[in-house]
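Engineer: just the structure for this:
(chains A and B)
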Amino acid sequence: MSDQSTEFTRLPETNEERDDPERATREEVLDFWADRFGVPSETFEGYTFWERGAGKLWLYQGSPPSPVDIEGLGMTFLRTRQEHWKPTLEAVQRFGEHASQNVIHLDEDAARAFVAGEDHELDWDGDWGYLVVTHDLAGAAEPVGVGLYVYGELRSQVPKGRRRDV
Amino acid sequence: MEPLDRYRPIIDDFEAFIDACERPLPSAIRVNTIKATVERVRTALADADIAYDPVDWHDGLFVLPEDSPGANWPYFHGWIHGQEEVSVIPATVLDPQPGERVWDACAAPGSKTTQLAALMEDTGEVVATDNNLGRISALRTNTERLGATTVAVTHEDGRNHSLKPFDGEGYDRALVDVPCSCEGTIRKNPDTLEDWSLSHVEGISGVQKGILKRAVEVTEPGGTVVYSTCTFAPEENEAVLDYVLDEVACEIVDYDLPLNHAPGITDWEDESFDPSVADAKRIYPHHNDTGGFFCAKLEVPAE
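Structural biologist: Numbering: from 1, shown residues only, chains lettered A, B, ... in the order given. Below is the predicted model of the structure:
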């Protein structure tokens, strides 16, 4: 299966239900969000998870029959089948408010640079890896996207098509 | 403006109409209530020094007199979406409710699709169809940026829309905002009329009839269908409604529209239409200082 596939298949609920050992389960997805970002599993109640191509997961509120052969199903959500699973910018903007760990807050200038796609040297005492990046908007912290923290640097993971000079 | 001369007999104050068509239109934005509240958007726009004017008939709409939406924080966060005032009308008239199943027959680039999802509080299901892969990619980008999780996108011609991927389930409501000759968008795109031809108008009206007919067929008894265009041509408006009334079980119903408008016309050139097409609304640029629009509400009879 390639990324050009238009076939969405629903994730198995648990390990017992999966045929493909490489394939993520719903349980693993919920554990990932809970373990890495502290997002409670209840946050995703009522949503279903789907894979299209290898490793690209989508989140949808609804239960079409699986597989379903269409162009889009809800939003892209998580990249799996690689060493470190990576949430999408869309997932973090939509659900990042529930995150309580591995969240890094940027000031206005740093947030602008992040959205423009620039990497940024800064000190961070927490884990390396993918972080939820927030900044202040309209008087409250708001998740803006995904950053990768390694070697004293926060690397912007904003996809090229989404970068902006705000 | 020459192709518009044919509407002299049906448009009141025709000179004011032409004058309005020659004036450019400022950008407008819709608040995306899936991700933000109207209040937070106001604050974010003010913080960014972006001037905005309220629109009196809709709380979640603002005109940006000096800016275009696109490169600012509220846009990046998917709190706002650039959408012209009249383009907000059809989803409002369709009035979908949380938890319902809705078909958006000509969905790209997704302004109305995401508005439907927001009106439904991002619950239920919006099946968004388009026949052009390039436009579908814009539809998907907008759906993602606005954070809608209930939109399923299908690539097909709306005239042959298949219920198969969803096990044959029909819809509570359908939005049929068809491709058209776009005369009403002249204030945004001044070259709209350059390629105007009557044969294009007549050709596209065949497509419009096919899509609207399919929409009525896939809507459950008691359900609602909204038909809209951004053009003035009766061939693409009342004539399409008149055709569908004869072909499938549905009726045109009246609705409230808090904008100045004219009724649908029942006579055009040597044709006359079913009297109920008068319940459709024509919105002209000189009536509310907007683009031009046409919108009708249909109901599928309960069994």
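
Engineer: what distance do you get for the nearest residue in space to B:Arg30 that is not next to it in sequence to chain A?
Structural biologist: Nearest residue to B:Arg30 in three dimensions, chain neighbours excluded: B:Gln83, at 4.4 Å (CB to CB, 6 or more residues apart in numbering or on different chains). (Glycine included, C-beta is placed from N, CA and C.) Distance, B:Gln83 to chain A, using CB to the nearest CB, to the nearest Å: 19 Å.

Engineer: again with B:Glu144
Structural biologist: Remark: distance between B:Glu144 and chain A (CB to the nearest CB) = 5 Å.

Engineer: which other helices and strands does the strand or helix carrying that residue contact?
Structural biologist: Here B:Glu144 sits within helix B:133-145, counting by DSSP states H and E. With contacts defined as 3 or more CB pairs under 8 Å, 6 or more residues apart in numbering or on different chains; DSSP states H and E, the packing partners of helix B:133-145 are strand A:72-73, strand A:75-79, helix B:111-119, strand B:125-130, strand B:151-155.

Engineer: quick one: mean pLDDT over whichever helix or strand comes after the second one.
Structural biologist: If I follow you right, that is strand A:75-79. Downstream of strand A:75-79, the next assigned helix or strand under DSSP H and E is strand A:86-87. For strand A:86-87, mean pLDDT rounds to 98.

Engineer: which helices and strands does strand A:86-87 pack with?
Structural biologist: Using 3+ CB pairs under 8 Å, 6+ apart: strand A:86-87 touches strand A:75-79, strand A:129-137.

Engineer: go through the shortest one and flag the buried ones.
Structural biologist: With burial defined by 16 or more other CB atoms under 10 Å in any protein chain shown, the residues of strand A:75-79 counted as buried are A:75-78.

Engineer: give me the nearest residue to B:Ile11, chain neighbours excluded.
Structural biologist: Nearest one to B:Ile11, counting by CB to CB, 6+ apart, is B:Phe17 at 5.0 Å.

Engineer: still on that earlier bit, export the helices and strands packed on strand A:86-87 to a markdown table and tack on distance to B:Pro3 and mean pLDDT?
Structural biologist: A markdown table is the format used below for the helices and strands packed on strand A:86-87 (distance: least, CB to CB, whole Å; pLDDT from 0 to 100):
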| stretch | distance to B:Pro3 | mean pLDDT |
| --- | --- | --- |
| strand A:75-79 | 41 | 97 |
| strand A:129-137 | 45 | 98 |
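
Engineer: which stretch among those comes nearest B:Trp196?
Structural biologist: Closest to B:Trp196 of the helices and strands packed on strand A:86-87 is strand A:75-79 (CB to CB; 38.8 Å).

Engineer: up against chain B, what does chain A have?
Structural biologist: A:6, A:47, A:59-62, A:64-65, A:68-76, A:90, A:93-94, A:115, A:137-139, A:142, A:144, A:161-162, A:164-166 (CB under 8 Å from any CB of the partner chain).

Engineer: give me the nearest residue to B:Leu241, chain neighbours excluded.
Structural biologist: Leaving aside its sequence neighbours, B:Leu241 sits nearest to B:Val277 (CB to CB, 6+ apart; 4.9 Å).

Engineer: burial count for that neighbour?
Structural biologist: The local packing of B:Val277 (other CB atoms under 10 Å in any protein chain shown) involves 22 other residues.

Engineer: quick check: it is in a helix.
Structural biologist: Yes - looking at B:Val277 with DSSP: H, G, I helix; E, B strand; the rest coil, it is inside a helix.

Engineer: from B:Leu139, how far off is it?
Structural biologist: In this structure, B:Val277 and B:Leu139 are 30 Å apart, going by CB to CB, to the nearest Å.

Engineer: which residues of the stretch 51-200 of chain B fall in helices?
Structural biologist: B:73-76, B:89-94, B:111-119, B:133-145, B:198-218 (DSSP state H, counting those that start in this stretch).

Engineer: output the last one as PDB, restricted to C-alpha atoms.
Structural biologist: Okay, so that is helix B:198-218. The C-alpha trace of helix B:198-218 is given here as PDB (Å, rounded to 0.1, in the frame of the first residue of the first chain):
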ATOM      1  CA  LEU B 198     -25.100  31.700 -23.700                       C
ATOM      2  CA  SER B 199     -24.000  28.200 -24.800                       C
ATOM      3  CA  HIS B 200     -21.900  27.900 -21.700                       C
ATOM      4  CA  VAL B 201     -24.900  29.000 -19.500                       C
ATOM      5  CA  GLU B 202     -27.100  26.500 -21.200                       C
ATOM      6  CA  GLY B 203     -24.600  23.700 -21.100                       C
ATOM      7  CA  ILE B 204     -23.800  24.100 -17.400                       C
ATOM      8  CA  SER B 205     -27.500  24.200 -16.600                       C
ATOM      9  CA  GLY B 206     -27.700  20.600 -17.700                       C
ATOM     10  CA  VAL B 207     -25.100  19.700 -15.200                       C
ATOM     11  CA  GLN B 208     -26.900  21.700 -12.500                       C
ATOM     12  CA  LYS B 209     -30.200  19.900 -13.200                       C
ATOM     13  CA  GLY B 210     -28.400  16.500 -12.900                       C
ATOM     14  CA  ILE B 211     -26.800  17.300  -9.500                       C
ATOM     15  CA  LEU B 212     -29.900  18.800  -8.000                       C
ATOM     16  CA  LYS B 213     -32.000  15.800  -9.100                       C
ATOM     17  CA  ARG B 214     -29.500  13.400  -7.500                       C
ATOM     18  CA  ALA B 215     -29.500  15.500  -4.300                       C
ATOM     19  CA  VAL B 216     -33.300  15.100  -4.000                       C
ATOM     20  CA  GLU B 217     -33.000  11.400  -4.700                       C
ATOM     21  CA  VAL B 218     -30.500  10.800  -1.900                       C
END
